[in-house]
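Peer 1: The following comprises the amino acid sequence and a computationally predicted model.
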Amino acid sequence: MIVVQRNSFLIRTTIILLLSFIKNVELCIFLKLHFVLKPLPDTSFFKSFMLGIAQIFLWGGSYFLLPVLSTSIIAEFNWSEKFLSACLSMSLLISGLIAPRVGKLIGKYEQNYILLLSGMVMALGLILLYATGGPAGFILAWVVLGIAMGMGLYDALFASIGKKYGRVSGKLIVQITLVSGFTTTLVWPLLTFLLHQYGWRMSCLVYAGLLLLITLPVHFFTLFNGAEQKNRADENTPLARPAAKVVRINKDSIYYLLVCNFSLGSVVMTSVYLYLIAFFVTNKIGMEQAVFMAAFLGPGQVSVRLLDTVIRQKPPIIKAIFSACLILAGLILLRLLPGYGYIGVFLFGFGNGLRSILRGALPLKYYRKEAYPVAIGSLARLPLIAQALTPLLAGLFIYYWDINAFMVFNILLALLNIVPPFILLYWKTHPDKVKSAERWFIER
């Protein structure tokens, strides 16, 4: 019991030190009192909030790093923008290749070393970026960042939460994605400030320090120490070291439908994020207005996460259909009415925000907590690989046709992506139509 109280005290002390940097004194005092006096229950929104903050810094130190720093890096080394994009694609590919192994390791051991070490590995990648002197060093840095992305971003986090909390993890996933939806809102201004003050190299170094300062205590006090160890410590019983569990999943038709749904969603999301502004400009919309309309992606994603707190009782399959239909409707409106693109962008962001929640919530419907980390890792591989290859394939498509034809192609993919959740819904209402089988088993 003393250990638990000490951990709660340490995490609250860490937060107090971080809040000392807030300039608004009254808000700072209020938050300090709140965090000191309020207890920290195991599934509190506070823990979800802190995990969301950790995700903001992890996403900002990897996936959303180059949009701010790329211009300065290109100016120093005289590299092409395609080289930098290729490095990011390589990182995504690496994260996809290691995802199944990461899921197995999270499911195998009681203490979550993977998530705890993810911030350290990402900080190492940023330090390598700081020290890079040529293409080889830059590629090496992005290899390390790719490993960190596989260890610490959504898929690894959802696997960790699902293992610890089981079927009640859906609420936590919604809360975390709600907070992390502000990644670009917070990280891009921070990186821009660091870039203007210190240059891109020192920006990487300073960000690495902030990343360690945030992620290490958050992951240690939330998911590293499992509830099982705490309960056993309270009972003053001898601690028996549990045997490591090796969980394997059977890849049945439901598994492949989930993979298909997640992969198509990843391709469409990456395509739109990459070429949305270029699509507006091609359709004779000014750059300022194009950026303004593209900015509606963020509010759409955050809005659906707020709404999901209200419609949380709806089955995940219904939400998956709703998400796919919203994405399709948003793309159709974009193609037909580019001048009113903010409506289509908002609908697309709304559907895509729900899709990011379902990446963690939908597999919970089919896999128990023992198998969930392995299932999440396995399900993440193909979507991440598809996401990594999308920039290259999209560029070739636009080169041989045009960006309007590319948008039509994405509409067809979005239409196709409605099929898997409808099949899952049909099987749910007609269980006699699908072969019943255990989707996982444990080896010791």
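Peer 2: Sure, I can see it. Numbers count the residues shown, from 1 in each chain.

Peer 1: how much space between the nearest residue to residue 150 once chain neighbours are set aside and residue 407?
Peer 2: In space, residue 150 comes closest to residue 95 once its chain neighbours are excluded; the distance is 3.6 Å by Cβ to Cβ, 6 or more residues apart in numbering. (C-beta placed from N, C-alpha, C; glycine too.) Residue 95 sits 27 Å away from residue 407, going by Cβ to Cβ, to the nearest Å.

Peer 1: Compare neighbour counts for those two and give me the winner.
Peer 2: Between residue 95 and residue 407, counting by other Cβ atoms under 10 Å, residue 95 is the more crowded of the two (29 against 21).

Peer 1: That one and residue 147 touch, don't they?
Peer 2: Yes. Using Cβ atoms under 8 Å, residue 95 is in contact with residue 147, at 7.4 Å.

Peer 1: related to what we said a few turns ago, what is the subsequent helix or strand relative to the helix or strand containing the residue nearest to residue 150?
Peer 2: Remark: residue 95 resides in helix 81-108, with elements defined by DSSP states H and E. Downstream of helix 81-108, the next assigned helix or strand under DSSP H and E is helix 113-131.

Peer 1: Show me the domain layout of the protein.
Peer 2: 41-234, 247-433 (automatic domain parsing).

Peer 1: For the first one, the averaged confidence score.
Peer 2: Taken as a whole, domain 41-234 carries a mean pLDDT of 86.

Peer 1: Could you tell me how far stretch 416-434 lies from the centre of the chain?
Peer 2: The chain centre lies 26 Å from the centre of stretch 416-434; the measure is Cα atoms, centre = their mean, to the nearest Å.

Peer 1: what's around residue 290, how many residues?
Peer 2: Residue 290: 20 neighbours (other Cβ under 10 Å).

Peer 1: give me every residue that touches it.
Peer 2: 277, 280-281, 341 (Cβ atoms under 8 Å, 6 or more residues apart in numbering).

Peer 1: These: which two are farthest apart?
Peer 2: 281 and 341 (11.2 Å; Cβ to Cβ).

Peer 1: Which one of these two is surrounded by more residues?
Peer 2: Per other Cβ under 10 Å, whichever of residue 281 and residue 341 has more neighbours is residue 341, with 25 against 16.

Peer 1: which residue packs closest to that one, ignoring adjacent ones?
Peer 2: That would be residue 293: by Cβ to Cβ, 6+ apart, it lies 4.3 Å from residue 341.

Peer 1: part of a strand, is that neighbour?
Peer 2: No. Applying DSSP: H, G, I helix; E, B strand; the rest coil, one finds residue 293 to be helix, outside a strand.

Peer 1: So residue 146 versus residue 219, what's the distance?
Peer 2: From residue 146 to residue 219 the distance is 19 Å (Cβ to Cβ).

Peer 1: same deal with residue 180?
Peer 2: In terms of Cβ to Cβ, residue 180 sits 14 Å off from residue 219.

Peer 1: where along the stretch 151-300 of the chain do the helices fall?
Peer 2: Per DSSP state H, counting those that start in this stretch, the stretch 151-300 of the chain carries helices over the ranges 154-165, 169-180, 183-219, 227-234, 253-282, 287-294, 297-308.

Peer 1: Highest mean neighbour count out of those helices?
Peer 2: Each of the helices of the stretch 151-300 of the chain was assessed for mean neighbour count using mean count of other Cβ atoms under 10 Å. The highest is helix 154-165, with a mean of 27.

Peer 1: for residue 333, what are its contacts?
Peer 2: Contacts of residue 333 by Cβ under 8 Å, 6+ apart are 340-341, 343-344, 347.

Peer 1: quick one: which helix or strand includes it?
Peer 2: Going by DSSP H and E, residue 333 is in helix 316-336.

Peer 1: for the record, mean pLDDT for that helix?
Peer 2: 92.

Peer 1: after it comes which helix or strand?
Peer 2: helix 341-364.

Peer 1: tell me the mean pLDDT over that next one?
Peer 2: 86.

Peer 1: which helices and strands sit right next to the next helix or strand along the chain from that helix?
Peer 2: Moving toward the C-terminus from helix 341-364, the next helix or strand (DSSP H and E) is helix 372-400. Secondary-structure packing of helix 372-400 (3 or more Cβ pairs under 8 Å, 6 or more residues apart in numbering; DSSP states H and E): helix 81-108, helix 154-165, strand 246-249, helix 253-282, helix 341-364, helix 403-416.

Peer 1: in helix 372-400, what counts as buried?
Peer 2: For helix 372-400, the buried set under the neighbour-count rule, 16 or more other Cβ atoms under 10 Å, comprises 372-391, 394, 397-398.

Peer 1: what sits up against stretch 72-88?
Peer 2: By Cβ under 8 Å, 6+ apart, stretch 72-88 touches 63, 66, 70, 134-135, 138-139, 142, 195, 199-200, 391-392.

Peer 1: Could you tell me how far it lies from the centre of the chain?
Peer 2: Worked out by Cα atoms, centre = their mean, stretch 72-88 lies 24 Å from the chain centre.

Peer 1: do stretch 374-391 as well
Peer 2: 12 Å.

Peer 1: Next: stretch 394-406.
Peer 2: The answer for stretch 394-406 is 28 Å, by Cα atoms, centre = their mean.
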